[in-house]
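> Show me the folded form of this:
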Amino acid sequence: TILDWYLDYASVSSLSKEEKNVKAMDNRFYLNKKIRSKKFKYVLGSFALLAVIIFSYLFVDFKNNEKSPSDKAELEKSIAVLPFRNLSNDESQAYFCDGFMEEVLNHLQRVKSFSVRSRTSSYIYKESPKTLPEIAKELNVNYIIEGSIAHQGNNLKIWVQLINTKTDEHLWSEDYNREMKQVFTIQSDIAKQIAQKLKTVLSIEEIKQIEKIPTENLEAYDYYLLGKASRLKKTEKDIHKAINLLEKAIEKDPLLANAYLELSGCYTNLPNYSSIRPSDAYEPAKEYALKALELDSSSSAFTRLGVIKYEYDFNFSRADFFYKKAIQLKPNNAEAYYYYADFLYQTGRSDEALKMDSITLILDPVNLGYSTIHGLRLAYGGKLDSAVSHLTRLSNLHPKSGLINWSLGSAYYLKGNYKQAIKELEKGMKLSGEAPLWMSFLGLVYSKAGNKNKVKDILNSFEQRSKNVYIPYSLRAMLYAELGDDQTALEYLKIAFKERELFLIYFRYLIKDAFLNLQSDPRYIELMDKVG
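Predicted structure coming up:
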């Protein structure tokens, strides 16, 4: 509510200022008729012509900067920042090297005329034996940044270089021998030097963001980097460890916006890796995202808030606003496009969703998770043959990814090939464990294939597990409906709505064949209307 008020207030304030300026111009140019001499008309005409030229230049530049990464795919300034090598004798300093590399990448992502590959795609080349031309080809970039760091106590030795991968020309390199307190100055200098070498004129706002110092407290910054590294391991244990580290960062510096943003990410990640009640995850996630935004209005908190508004608050119009704002502020952020694509798909805008997907895959071309979900979206967008082909190719390349098997099984299910769907879904279950969403979807396929006993087995397993951990009511409701127990299904759906379960959104498209017997029931219709 506070955020909504702030955004509305900012908008009104801006308009009021414009109106005041217009009134001031009226006073200057129309009330004083004596200045409207012939000489003044010539001067005014000259200024008008100059204004048109400036406006035309700015408009063209603005339009160029507003191009999406898909439009910029063929442009010259496509960049990958490879993981920096750790030259310290201490292996435990690897987190610092990774964090430094990502901060440089984040600075470059703020430059609208650059097309910068995401951390996920760049990171898989850490200690890779592949040559720079091979990496550049796989990432579809013309420039690569690489470097190394020796971090010992208060001393930093950093070497970095920019390479044109088409000509193998070393465009720029620099050695930094500085104290640790200058780490942020080094990061911003690297970004500005690269912009200069690529003949890029930075806007005032871009310079401001690049030169921003996140904290004066280096101990807080260190806890932040450790917390972020732990969250990226993506296990329940590591996420809880990350939360503890990030809370320590905030104790050292309560104004460190990035730490709040990472904490928000931890809590939005938790439902994917643990049996946590939605409110226990999304409420703190919302609180931390709003705090991050309060401290830094240009942060990636808009993506987090989009996720929360969509997955928990069911406020789709606000989610749409936040996703668009996130992309506007950071047009190279693959994560924002990925989540926006999911939102567009689940709200029935599949064509737009696939466009966002294509941008995601340009910015993060070797992210296995993004590529897999792209295949799933192809399937639910009606492009079944393309989906099966895409996911089969991924499965051959990555035979131990349960997510790929689950997505491929979903595609076969939509094609009506239940036997092959069950085979892939069961394989995915063995590889990835008994996640409730996967088990319930397998139960749905069993039901459509006529095997109700398997549905009962999964449902009984859920009810037993729910005595100790949180098993979503919406997924259990789906299986009750498949077994013909509509009353229990409706009761569970009401509880699911009260708990704000994400899976309620999925019943329109992702699991659209669920609750077929209830879709004409006024109680079910009323509930889905509340969801949105």
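> Bridge partners for the closest residue to residue 82 other than its chain neighbours, pull those for me.
What sits nearest to residue 82 in space, not counting adjacent residues and going by CB to CB, 6 or more residues apart in numbering, is residue 146, at 4.6 Å. Every residue, glycine included, has its C-beta placed from N, CA and C. With DSSP bridges applied, residue 146 shows beta-bridge pairing to residue 161.
> Contacts only, for residue 146.
82, 84-85, 132, 160-161, 163 (CB atoms under 8 Å, 6 or more residues apart in numbering).
> right, and out of those, which lies closest to residue 363?
Of all those, residue 363 sits closest to residue 82, with 15.7 Å by CB to CB.
> contacting residues around the closest one?
Contact partners of residue 82, counting by CB under 8 Å, 6+ apart, are 101, 122, 125-126, 135, 144-146.
> Turn these into JSON lines, including secondary structure and pLDDT.
JSON lines is the format used below for the contacts of residue 82 (DSSP: H, G, I helix; E, B strand; the rest coil; pLDDT from 0 to 100):
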{"residue": "101", "secondary structure": "helix", "pLDDT": "92"}
{"residue": "122", "secondary structure": "helix", "pLDDT": "90"}
{"residue": "125", "secondary structure": "coil", "pLDDT": "91"}
{"residue": "126", "secondary structure": "coil", "pLDDT": "88"}
{"residue": "135", "secondary structure": "helix", "pLDDT": "93"}
{"residue": "144", "secondary structure": "strand", "pLDDT": "96"}
{"residue": "145", "secondary structure": "strand", "pLDDT": "95"}
{"residue": "146", "secondary structure": "strand", "pLDDT": "94"}
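> coming back round to it: how far away is the residue nearest to residue 82 from residue 177?
From residue 146 across to residue 177, the span is 19 Å (CB to CB, to the nearest Å).
> just to revisit the earlier point, and the contacts of residue 146, which is closest to residue 437?
For those, the nearest to residue 437 is residue 82 (35.0 Å; CB to CB).
> Tell me where the stretch 401-532 of the chain has strands.
With DSSP state E, counting those that start in this stretch, there are no strands along the stretch 401-532 of the chain.
> All the helices of it, in order from the start?
402-414, 418-432, 436-448, 452-465, 473-482, 486-499, 503-506, 522-531 (DSSP state H, counting those that start in this stretch).
> Any regions of the protein where pLDDT drops low?
1-75, 299, 510 (pLDDT under 70).
> check which helix or strand covers the spatially closest residue to residue 197 that is not a sequence neighbour.
Leaving aside its chain neighbours, residue 197 sits nearest to residue 172 (4.6 Å; criterion: CB to CB, 6+ apart). Using DSSP states H and E, residue 172 sits in strand 169-179.
> Show me what that strand is packed up against.
Applying 3 or more CB pairs under 8 Å, 6 or more residues apart in numbering; DSSP states H and E, one finds that strand 169-179 contacts strand 155-164, helix 183-197.
> Could you dump those into JSON lines with distance to residue 425 added?
Formatted as JSON lines, the helices and strands packed on strand 169-179 follow (distance: least, CB to CB, whole Å):
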{"stretch": "strand 155-164", "distance to residue 425": "45"}
{"stretch": "helix 183-197", "distance to residue 425": "45"}
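> As JSON lines, those with mean neighbour count and distance to residue 204 would be great.
Below are the helices and strands packed on strand 169-179 laid out as JSON lines (neighbours: other CB atoms under 10 Å; distance: least, CB to CB, whole Å):
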{"stretch": "strand 155-164", "mean neighbour count": "18", "distance to residue 204": "24"}
{"stretch": "helix 183-197", "mean neighbour count": "19", "distance to residue 204": "13"}
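> To residue 303, which of these lies closest?
Shortest distance between residue 303 and the helices and strands packed on strand 169-179, using CB to CB, is found for helix 183-197: 21.1 Å.
> In contact with the residue nearest to the spatial centre of the chain, which residues?
By CA atoms, centre = their mean, the chain has its centre lying nearest to residue 335, at 2.0 Å. Counting by CB under 8 Å, 6+ apart, residue 335 makes contact with 118, 300, 303.
> TSV for those residues, including neighbour count and secondary structure?
Conversion of the contacts of residue 335 to TSV gives the following (neighbours: other CB atoms under 10 Å; DSSP: H, G, I helix; E, B strand; the rest coil):
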residue	neighbour count	secondary structure
118	27	coil
300	24	coil
303	28	helix
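> Just name the closest of those to residue 465, please.
residue 303 (32.0 Å).
> The closest one against residue 336, yeah?
Yes: contact criterion CB atoms under 8 Å: residue 303 and residue 336 qualify, at 4.6 Å.
> Overlap of the contact sets of the two?
Common contacts of residue 303 and residue 336 (CB under 8 Å, 6+ apart): 323, 326.
> Would you list the phi and psi of residue 401?
Torsion angles at residue 401 (phi, psi; degrees, to the nearest 10) stand at phi -100, psi 110.
> From residue 391, how far out is it?
Residue 401 is 10 Å from residue 391, by CB to CB.
> more crowded one of these two?
Per other CB atoms under 10 Å, whichever of residue 401 and residue 391 has more neighbours is residue 391, with 28 against 19.
> What residues sit buried inside the one helix or strand that one maps to?
Per DSSP H and E, residue 391 falls inside helix 384-397. Residues of helix 384-397 classed as buried: 384, 387-388, 390-391, 394-395 (neighbour count, 16 or more other CB atoms under 10 Å).
> Other residues contacting that helix?
Residues outside helix 384-397 that contact it (CB under 8 Å, 6+ apart): 368, 371-372, 374-376, 378-379, 401, 404-405, 407-408, 411-412, 414-415.
> Pull up the overlap in contacts between residue 401 and residue 391.
Joint contacts of residue 401 and residue 391 (CB under 8 Å, 6+ apart) are residue 372.
> for the stretch 251-400 of the chain, what spans make up the helices?
With DSSP H, counting those that start in this stretch as the criterion, the stretch 251-400 of the chain has helices spanning 257-273, 278-295, 301-311, 316-329, 334-346, 350-363, 368-380, 384-397.
> Now tabulate these in JSON lines and tack on distance to residue 197.
Converted to JSON lines, the helices of the stretch 251-400 of the chain look like this (distance: least, CB to CB, whole Å):
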{"stretch": "helix 257-273", "distance to residue 197": "27"}
{"stretch": "helix 278-295", "distance to residue 197": "32"}
{"stretch": "helix 301-311", "distance to residue 197": "30"}
{"stretch": "helix 316-329", "distance to residue 197": "25"}
{"stretch": "helix 334-346", "distance to residue 197": "24"}
{"stretch": "helix 350-363", "distance to residue 197": "22"}
{"stretch": "helix 368-380", "distance to residue 197": "30"}
{"stretch": "helix 384-397", "distance to residue 197": "36"}
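> Just name the most buried of those.
helix 301-311 (a mean of 26; mean count of other CB atoms under 10 Å).
> can you give me the angle it makes with helix 278-295?
150 degrees (axes from the mean of the first three to the mean of the last three CA atoms, to 10 degrees).
> 7 is where my numbering starts, stick with that
Yes, from this point I'll number from 7; that puts the last item at helix 307-317.
> Any idea how far stretch 252-265 is from the middle of the chain?
22 Å (CA atoms, centre = their mean, to the nearest Å).
> End to end on it, go ahead and measure it.
In stretch 252-265, first residue to last residue: 6 Å (CA to CA, to the nearest Å).
> Just the buried positions in it, please.
Going by 16+ other CB under 10 Å, stretch 252-265 has these buried residues: 252, 254-256, 258-259, 261-265.
> Spatially, which two of those residues are the most separated?
Farthest pair in the buried residues of stretch 252-265 (CB to CB) is 254 and 263. Separation: 16.0 Å.
> returning to that earlier point: now, among the buried residues of stretch 252-265, which is nearest to residue 111?
Closest approach to residue 111 among those (CB to CB): residue 264, at 13.9 Å.
> Okay, that closest one and residue 486: tell me how far apart.
Distance from residue 264 to residue 486, counting by CB to CB: 44 Å.
> Residue 270 too?
Counting by CB to CB - residue 270 and residue 486 are separated by 34 Å.
> Just after whichever helix or strand residue 85 is part of, pick out the following helix or strand.
Here residue 85, judged by DSSP H and E, is contained in strand 84-87. Scanning forward in sequence from strand 84-87 by DSSP H and E, the next helix or strand is strand 91-92.
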